[in-house]
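*Asks:* what follows is a predicted structure for the sequence shown.
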Amino acid sequence: MKKLSTLVPQPLFNYFEDICQVPRPSKKEEKIRAFLLDFAGKNNLESKTDEIGNVLILKPATQGMETAPTVILQTHMDMVCEKNSDKVFDFDNDAIDPRIVDGWVKANGTTLGADCGIGIAAQMAVLTSNNIKHGAIECLITVDEETGLSGAFALQPGFLSGTVLLNLDSEDEGEIFIGCAGGVDTLATFKYVLESVPENSAALKISVAGLLGGHSGDDIHKNRGNANKILNRVLWNATKKFGAKLADFNGGNLRNAIAREAFGVITIPESVKDQVISDIQKLSDAIRVEFEISEPGLQITCETIECPATCIDLDTQQKLVNSIYACPHGVLEMSSRMEGMVETSTNLASVKFIGDNKIQVTTSQRSEIESRKKYAAETIESVFTLAGAEVKHSDGYPGWAPNPNSEVLKTTVDSYKKLFGVEPVVRSIHAGLECGLFLEKYPKLDMVSFGPTIRGAHSPDERLDIATTGKFWNHLVDVLANIR
């Protein structure tokens, strides 16, 4: 028995539940690609893939719409794979378990994959419908949007023929997006030497958990705690006051998610253990007060564990904890062009011991202005260069400059006002979308982005609002009927 079979609209929710059964981590999209191609074959729809694995499924225009522009419906097939630390789950093989909770669809201890699974479900529902008016349809489902935008980067001219693109990867119903931030990742790598832990030492594991996390673009302005920054405050304090030595730091996971959990191991003389624990408790209490409104679930715990035989050298330890302390996280600039919008930000995404005596710190910078994005990345580079780390930047991706005179924007706004009696919000989004890369290959594309309300994206609290999913569907159907 399907858990979403009672939800309206069907078959949209039915297709979404089908998608939840198919593992689709970024860079491991073989199963979802096969699922999509099988779907196309069963429904006698023309389909093709390109060299990197993007999928395109085509449907002819309905009767009377043959002269309408070809519309590209665009989503991505991968999902962010995040779970609570106590959840046993294999994203490579296990199915997502969706459930209905107080008007939302949620998963059980993992990300739901509504980003962008609900968009794929909408494509499938359009492709199999018999009563929706539309011009020729091209459904583009790209690979690896979440960790590298690889599918959009590799998209070649000539793969698409449409001139209008509806991106279905937005998360705020009632808002229509006509621009997005560009982004770049900055990675700092420290090399350390292992040192023996002195005799008569004790070890403490410090854990930061219970944070909301969230999308490093959409949620960066909400004053949410960053587990890496919080843990590092505790470690920095312990090293300054008690000469603690660092044996492990494991915080955050994904470049585009605010770190929800972080774990560190320190060694200290056995004689000061109780004093260290007491001091950590006092600092933890103070930090929880700081975040009592924005992060009511924050937990900072300290427990005694078996003492490791080695820790990292003191010089590297000091450079690491000081640079993480100095590294900015959060909003750097608000937009002067669009009131209330974040212009430039940076996310301290993860700190990991990666083997071969190396520690890697991953950060991600975003901005709607290319030069500001570069300045933010260079700011982060400077912090870690001063600390002696090796710093590299990713190739990055461009933003999408707003076009307020867009024809498809006018159609989309008029449709929303007709259906719901209110004016939608038209704005740019601080998150990255693939649209900027599409424009590089297809400069004449006319684009907008819209979708249902999704909250907690990129975290196990991800949830899809049922009521706005129905509105999103009705809006999409009406827009397709009115693009002429």
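*Replies:* Received it, and whenever you're ready, just let me know what you need.
*Asks:* now the strands for the stretch 251-400 of the chain?
*Replies:* Taking DSSP state E, counting those that start in this stretch to define them, one finds strands in the stretch 251-400 of the chain at 262-269, 299-305, 310-312, 330-334, 342-355, 358-367, 390-393.
*Asks:* closest to Arg455 out of those strands?
*Replies:* The minimum distance between Arg455 and the strands of the stretch 251-400 of the chain falls on strand 342-355, with 17.5 Å, by C-beta to C-beta. C-betas here are computed from N, CA, C, even on glycine.
*Asks:* before we move on, the earlier item: make a markdown table out of the strands of the stretch 251-400 of the chain and add mean pLDDT, mean neighbour count and distance to Lys410.
*Replies:* Written out in a markdown table, the entries for these read as follows (pLDDT from 0 to 100; neighbours: other C-beta atoms under 10 Å; distance: least, C-beta to C-beta, whole Å):
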| stretch | mean pLDDT | mean neighbour count | distance to Lys410 |
| --- | --- | --- | --- |
| strand 262-269 | 98 | 22 | 47 |
| strand 299-305 | 97 | 14 | 49 |
| strand 310-312 | 97 | 20 | 59 |
| strand 330-334 | 96 | 16 | 28 |
| strand 342-355 | 96 | 21 | 26 |
| strand 358-367 | 97 | 24 | 28 |
| strand 390-393 | 98 | 15 | 38 |
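*Asks:* could I get those strands in JSON lines, plus columns for distance to Asp90?
*Replies:* Conversion of these to JSON lines gives the following (distance: least, C-beta to C-beta, whole Å):
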{"stretch": "strand 262-269", "distance to Asp90": "21"}
{"stretch": "strand 299-305", "distance to Asp90": "26"}
{"stretch": "strand 310-312", "distance to Asp90": "31"}
{"stretch": "strand 330-334", "distance to Asp90": "33"}
{"stretch": "strand 342-355", "distance to Asp90": "20"}
{"stretch": "strand 358-367", "distance to Asp90": "23"}
{"stretch": "strand 390-393", "distance to Asp90": "31"}
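*Asks:* out of these, which gets nearest to Leu437?
*Replies:* Between Leu437 and the strands of the stretch 251-400 of the chain, the tightest spacing by C-beta to C-beta is seen for strand 358-367, at 14.8 Å.
*Asks:* just checking, what packs against that closest one?
*Replies:* The criterion is 3 or more C-beta pairs under 8 Å, 6 or more residues apart in numbering; DSSP states H and E, and the helices and strands that strand 358-367 contacts are strand 182-191, helix 314-326, strand 342-355, helix 370-386.
*Asks:* keeping just the C-alphas, turn the third one into PDB.
*Replies:* Listed in PDB are the C-alpha atoms of strand 342-355, where the atom choice follows Å, rounded to 0.1, in the frame of the first residue of the first chain:
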ATOM      1  CA  VAL A 342      21.300  38.200   0.500                       C
ATOM      2  CA  GLU A 343      23.900  39.200  -2.100                       C
ATOM      3  CA  THR A 344      27.100  37.400  -0.900                       C
ATOM      4  CA  SER A 345      27.600  34.700   1.700                       C
ATOM      5  CA  THR A 346      30.000  31.900   2.700                       C
ATOM      6  CA  ASN A 347      29.400  28.500   4.200                       C
ATOM      7  CA  LEU A 348      31.900  26.700   6.400                       C
ATOM      8  CA  ALA A 349      30.700  23.300   5.200                       C
ATOM      9  CA  SER A 350      32.900  20.600   6.500                       C
ATOM     10  CA  VAL A 351      36.100  19.800   8.400                       C
ATOM     11  CA  LYS A 352      37.400  16.300   7.800                       C
ATOM     12  CA  PHE A 353      40.400  14.100   8.500                       C
ATOM     13  CA  ILE A 354      40.800  12.600   5.000                       C
ATOM     14  CA  GLY A 355      43.700  10.200   5.400                       C
END
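*Asks:* one step back: which one of the helices and strands packed on strand 358-367 lies closest to Ile96?
*Replies:* Judging these by C-beta to C-beta, what sits closest to Ile96 is strand 342-355, at 23.0 Å.
*Asks:* what's the burial count for the closest residue to Thr316 other than its chain neighbours?
*Replies:* Take Thr316 and drop its neighbours on the chain: the residue closest to it by C-beta to C-beta, 6 or more residues apart in numbering is Tyr192, 4.0 Å away. Other residues within reach of Tyr192, judged by other C-beta atoms under 10 Å, total 19.
*Asks:* what's the spacing between Met77 and Ile100?
*Replies:* Using C-beta to C-beta, to the nearest Å, Met77 is found at 24 Å from Ile100.
*Asks:* compare those two (neighbour count), which wins?
*Replies:* Just comparing Met77 and Ile100: by other C-beta under 10 Å the higher neighbour count belongs to Met77, 27 against 14.
*Asks:* got the helices and strands packed on strand 358-367 as TSV, with distance to Ser459 columns?
*Replies:* As requested, the helices and strands packed on strand 358-367 are exported to TSV (distance: least, C-beta to C-beta, whole Å):
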stretch	distance to Ser459
strand 182-191	19
helix 314-326	21
strand 342-355	13
helix 370-386	23
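*Asks:* of the ones you listed, which approaches Trp104 most closely?
*Replies:* Comparing the helices and strands packed on strand 358-367 by their distance to Trp104 (C-beta to C-beta), the top pick is strand 342-355, with 25.3 Å.
*Asks:* tell me what that closest one is packed against?
*Replies:* Under the contact criterion of 3+ C-beta pairs under 8 Å, 6+ apart, the helices and strands touching strand 342-355 comprise helix 227-242, strand 245-251, strand 330-334, strand 358-367, helix 370-386.
*Asks:* list the buried residues for the second one?
*Replies:* It stands for strand 245-251. Lys245, Leu246, Ala247, Asp248, Phe249, Asn250, Gly251 (16 or more other C-beta atoms under 10 Å).
*Asks:* contact partners of it?
*Replies:* Here strand 245-251 makes contact (C-beta atoms under 8 Å, 6 or more residues apart in numbering) with 195, 197, 203, 208, 227-228, 231, 235, 239, 259, 261-268, 308, 310-312, 314, 317, 320-321, 350-353, 359.
*Asks:* just the helices in the chain please.
*Replies:* For the chain, helices defined by DSSP state H occupy the ranges 12-20, 30-42, 114-128, 150-154, 227-242, 273-290, 314-326, 370-386, 407-420, 435-441, 466-482.
*Asks:* pLDDT score for the residue nearest to Thr316?
*Replies:* Reported pLDDT at Tyr192 in the predicted model: 98.
*Asks:* next one: Ala401
*Replies:* In this prediction, Ala401 carries a pLDDT score of 84.
*Asks:* just Leu433 next, same as before
*Replies:* Model confidence at Leu433 (pLDDT) stands at 85.
*Asks:* beta partners for the residue nearest to it when sequence neighbours are not counted?
*Replies:* Once its chain neighbours are removed from consideration, Leu433 has its nearest residue in Cys180; the separation is 4.2 Å (C-beta to C-beta, 6+ apart). Beta-bridge partners for Cys180, by DSSP bridges, are Trp400, Ile429.
*Asks:* surely Cys180 touches Cys435?
*Replies:* Yes - the pair Cys180 / Cys435 is scored as a contact, 6.3 Å apart, by C-beta atoms under 8 Å.
*Asks:* so what's in contact with those two at the same time?
*Replies:* If you check Cys180 and Cys435 against C-beta under 8 Å, 6+ apart, the residues they both contact are Trp400, Ser449.
*Asks:* neighbour count winner among these two?
*Replies:* Each of Cys180 and Cys435 has its neighbours counted (other C-beta under 10 Å); Cys180 has more, 28 against 25.
*Asks:* what residues are up against the more buried one?
*Replies:* Glu368, Gly399, Trp400, Ser428, Ile429, His430, Ala431, Gly432, Leu433, Cys435, Gly436, Ser449.
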